[in-house]
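# build the 3D model from these lines:
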Amino acid sequence: MKESKPVIEHYDVIIVGAGPTGLTLACDLARRGLKIRIIDASSEAFKGSRGKGIQPRTLEVFDNLGIAEPILRAGDKYSPMGIHLSFLKIKWRMIKLHKKTPEVPYPNTWLVPQWRTEEVLRNRLNELGHSIEYNARVFSIEQDETDVSIQVNFNGEYTTLRSRYLVGADGGKSFVRKNLGVNFSGVTSQEGRMIVGDIRVDGLSRDCWHVWPKSKGGLVGLCPIPHSDLFQLMMKLPTSEENPELSEAAIQARWIASTGLKNIRLHNPAWLSVFRPNVRLVEKYRVGRVFLAGDAAHIHTPAGAQGLNTGVQDAFNLGWKLALALGGAPESILDTYEEERKPVAAGVLKLSSERFKSIGENRISKPTRGDEERQLLLNYRSSSITKGPGPLRKNKLAAGDRAPDAICSNRISGRTSLFDAFRGGHFTLLVFGSHATNKIRAANWQSNNLMKVFSIERDTSSNDSNVLFDDSGKIQKTYGVTGNESITFLVRPDGYIAHMATGEWRKEIQCYFTDITGYPLT
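You can find the predicted model right below:
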């Protein structure tokens, strides 16, 4: 090992890896004012479309981080599939379109090339006063009871950095994971390998995602990338072919051999690679003060557009917990990261593997993609930090569920929404019913800015900035509250219902909040 320079600075969190997962975590921690550093071994940002599907739940995460609008502008809705069979072209929607509702403001899977998603996240991180350091290769990790120490090669210069916590978001070949000795169980298969990349195409319309499922050698697909002249290419490889040539001429020759379509030309690739299907999940997400997230913790097939989204949501689950631990909360809150996210990753691996298997069999996977892929139904009902009853009424919310949006108004800000109230990285307490509202006003809780409290009222006469007017009753309906019923919903910083309470809710909320944050509500 090369001799390193003395420690130059101490951080709250160091993030290794600057893909969507690492960038999401960096943005979340930076907006909380934490001292962070984000480094990446690559020489520059990734330039390909790779993880191009942004699911509705991930759009809600981006909304909370203040970047939903630039993400939407960077992409578009998925085009219909255009299935080419001999001389027939059949159009249908694999990804069903959904109408926007007050509860789900981002209903559709959004097609955004990964490089643009990362660009938006980098811009947000820059606004928050931070930037990525490239050409930074970690070659040693050590930890003790209070800190993590890493040695890093920065363009040939060796430096030691220390932090309270370290997060490895450094992809499927993660150095952090390997250094920790964490088992990464699963399979890597030669079957299902594909040439993937971004390429220009002459002679092909951009009105659909073109697929030739019965071409010689297996499926070929070309998906138009929004706001560009590129298509994302997917071209199945035979299991016997080890190292396919990726030149423009070789791709065009392979195209003609597969489809017989000489009138269509593939040229000027922006990025090409060989994809090998991996399905793997780590044994554990945490080793002491070091955490794994995104592809460093789980690798999925590309089918169903789940991998990038699961990584982003790993980061959003972990960020607020790290912030609490750094602020003095019991460290046990950090154990809930693996408890909550590992089962989600296991479920996503199963789903994406089923979808990918159908592609390997030269058939389209499922007539439409639905709520499973959109990730709106994911919940933490069984989590150790979820408290409260099951659904109060049939088919209504329970503690652990995603907290839905709803349109409302406020005397100060005018027309607003619950997502506006949630935005910012804090807990949010929603209080229903006049009896509960009067009690919460009398309590005047001080939460060290960790929680915001809003009473939900139908009467629009109040001048209190902490009152949200439910003019149409939509919030009550969405949250399953009837009449003047007294009930509270404590929403976590990542947008899930942490606690529901009726009856003696005041004491319950006080105890729960203190146990989780370490800060007493007085």
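# low-confidence regions, the stretch 1-150 of the chain specifically.
For the stretch 1-150 of the chain, applying pLDDT under 70 flags the ranges 1-8.
# and the helices in it?
Per DSSP state H, counting those that start in this stretch, the stretch 1-150 of the chain carries helices over the ranges 20-31, 56-64, 68-74, 114-127.
# of those helices, which stretch is the most buried?
Across the helices of the stretch 1-150 of the chain, averaging neighbours per residue (mean count of other CB atoms under 10 Å) puts helix 20-31 on top, at a mean of 28. C-betas here are computed from N, CA, C, even on glycine.
# with just CA atoms, put it into PDB.
Provided in PDB are the C-alpha atoms of helix 20-31 (Å, rounded to 0.1, in the frame of the first residue of the first chain):
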ATOM      1  CA  PRO A  20     -28.300   8.200  -9.600                       C
ATOM      2  CA  THR A  21     -28.100   6.500  -6.200                       C
ATOM      3  CA  GLY A  22     -25.100   8.400  -4.900                       C
ATOM      4  CA  LEU A  23     -26.300  11.700  -6.300                       C
ATOM      5  CA  THR A  24     -29.800  11.300  -4.800                       C
ATOM      6  CA  LEU A  25     -28.200  10.700  -1.400                       C
ATOM      7  CA  ALA A  26     -25.800  13.600  -1.800                       C
ATOM      8  CA  CYS A  27     -28.600  16.000  -2.600                       C
ATOM      9  CA  ASP A  28     -30.700  14.800   0.300                       C
ATOM     10  CA  LEU A  29     -27.800  15.200   2.800                       C
ATOM     11  CA  ALA A  30     -26.600  18.400   1.400                       C
ATOM     12  CA  ARG A  31     -30.000  20.200   1.700                       C
END
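# and it, what other elements does it pack with?
Helix 20-31 sits against strand 10-16, strand 36-39, helix 114-127, helix 307-326, with contacts defined as 3 or more CB pairs under 8 Å, 6 or more residues apart in numbering; DSSP states H and E.
# one more time with 10 Å, if that's ok
Applying 3 or more CB pairs under 10 Å, 6 or more residues apart in numbering; DSSP states H and E, one finds that helix 20-31 contacts strand 10-16, strand 36-39, helix 56-64, helix 114-127, strand 132-133, strand 157-168, helix 307-326.
# quick one on the thing from earlier: just send the helices of the stretch 1-150 of the chain back as JSON lines, with distance to Asp202 too.
Output for the helices of the stretch 1-150 of the chain, formatted as JSON lines (distance: least, CB to CB, whole Å):
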{"stretch": "helix 20-31", "distance to Asp202": "32"}
{"stretch": "helix 56-64", "distance to Asp202": "33"}
{"stretch": "helix 68-74", "distance to Asp202": "25"}
{"stretch": "helix 114-127", "distance to Asp202": "23"}
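# out of these, which is closest to Gly390?
Counting by CB to CB, Gly390 lies closest to helix 56-64 out of those; the figure is 21.7 Å.
# name the helices or strands packed onto the closest one?
In terms of contacts (3+ CB pairs under 10 Å, 6+ apart), helix 56-64 is packed against helix 20-31, helix 68-74, strand 110-111, helix 114-127, helix 307-326, helix 371-374, helix 418-422.
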